[in-house]
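Trainee: Mind folding the following:
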Amino acid sequence: MATVTLSQFRQEQSTWLAHAQREPVTITSRGATARAVVVSPELFSRAMEALENQQDIKDAAAARMETGRISHADVTRELGF
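Mentor: Numbers count the residues shown, from 1 in each chain. Sure thing, here's the model as predicted:
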């Protein structure tokens, strides 16, 4: 992962944005404090999808742990059928 200061990023935005298409770019300021990470739209989409998948897995596991039964009538009423 590349690292660049905020002032360097401002001076060469197009260069660093092009670089971010290949690998994430960390923008720092005031020494080594990371302020932001610039990534390609594709990487962002994949990361968001992975997070959503992880949440779905957790939700499914929690649902499997629930006890009791719900009647078909209750489900259709809740869904508005």
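
Trainee: how far away is His72 from Glu78?
Mentor: Distance, His72 to Glu78, by Cβ to Cβ, to the nearest Å: 11 Å. C-beta: built from backbone N, CA, C; applies to glycine.

Trainee: try Met65
Mentor: 20 Å.

Trainee: same check, this time on Ala20
Mentor: Taken as Cβ to Cβ, the span from Ala20 to Glu78 is 45 Å.

Trainee: Who has more neighbours out of the two?
Mentor: Each of Ala20 and Glu78 has its neighbours counted (other Cβ atoms under 10 Å); Ala20 has more, 18 against 9.

Trainee: so the more buried one touches Pro41, yeah?
Mentor: No. In this structure, Ala20 is not within contact of Pro41 by Cβ atoms under 8 Å, at 9.7 Å.

Trainee: what residues do the two have in common as contacts?
Mentor: Residues within reach of Ala20 and of Pro41 at once, by Cβ atoms under 8 Å, 6 or more residues apart in numbering: there are none.

Trainee: The most centrally placed residue in the chain and Gln55: what is the separation?
Mentor: Nearest residue to the geometric centre of the chain (Cα atoms, centre = their mean): Met48, 3.4 Å. Using Cβ to Cβ, one obtains 11 Å as the distance from Met48 to Gln55.

Trainee: Please name the residues that touch Val38.
Mentor: Neighbours of Val38 in contact, by Cβ under 8 Å, 6+ apart: 16-17, 20, 24-25, 27.

Trainee: would you list those residues in TSV and tack on secondary structure, distance to Phe9 and pLDDT?
Mentor: Output for the contacts of Val38, formatted as TSV (DSSP: H, G, I helix; E, B strand; the rest coil; distance: Cβ to Cβ, whole Å; pLDDT from 0 to 100):
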residue	secondary structure	distance to Phe9	pLDDT
Trp16	helix	5	97
Leu17	helix	9	97
Ala20	helix	10	97
Pro24	coil	13	97
Val25	strand	8	98
Ile27	strand	5	97
